[in-house]
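**Student:** Sequence unavailable; structure follows:
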């Protein structure tokens, strides 16, 4: 059985960094709640669409896990990301600029699937 920390690590390494959209169907509950500074998403298909759009805008996007720890169904991750905006993002044309951004995510994981995520970062650093 996969630990909650391994599930959170898979989100960053296999799903976001690796671009493996099929992983989402394994690690997320169908009705996952995704809370982040630019709005909320309420199901796995919305999360997949959002990550696909981010990866299109920032094709070299790379998350680095700085710290990862958990207790029970909660897993906390302090991360940093780097990526170059070569595609449109949220209506903004490509800038060609590299973005460096720190952030934190808290996951609620039950029975090996992510049920809820709270993501904190400064969205003005993406715009």
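**Tutor:** Perfect, I can see it now. Only a predicted model underlies this, so the values are computations on that prediction, with no experimental measurement involved. Residues are numbered from 1 along each chain as shown.
**Student:** only C-alpha atoms for contact and neighbour calcs from this point on.
**Tutor:** Fine.
**Student:** which strand of the protein spans the most residues?
**Tutor:** Looking across the chain with DSSP state E, the single longest strand is strand 98-110.
**Student:** pLDDT on that strand, on average?
**Tutor:** Summarised as a single mean, pLDDT over strand 98-110 is 96.
**Student:** downstream neighbour of that strand in the secondary structure list?
**Tutor:** Per DSSP states H and E, the first helix or strand lying C-terminal to strand 98-110 is strand 113-121.
**Student:** For the spatially closest residue to residue 14 that is not a sequence neighbour, grab phi and psi.
**Tutor:** Take residue 14 and drop its neighbours on the chain: the residue closest to it by CA to CA, 6 or more residues apart in numbering is residue 20, 5.9 Å away. Main-chain torsions, residue 20, degrees, to the nearest 10: phi -80, psi 90.
**Student:** try residue 37
**Tutor:** Torsion angles, degrees, to the nearest 10, at residue 37: phi -60, psi -20.
**Student:** contacting residues around it?
**Tutor:** 119-123 (CA atoms under 8 Å, 6 or more residues apart in numbering).
**Student:** ranges for the helices of the protein?
**Tutor:** 4-10, 24-27, 44-57 (DSSP state H).
**Student:** where in the protein is pLDDT low?
**Tutor:** Scanning the chain for pLDDT under 70 picks out the ranges 1, 127.
**Student:** give the contact list for residue 118.
**Tutor:** Contacts of residue 118 (CA under 8 Å, 6+ apart): 34-36, 105-107.
**Student:** And it, how close does it get to residue 26?
**Tutor:** 19 Å (CA to CA, to the nearest Å).
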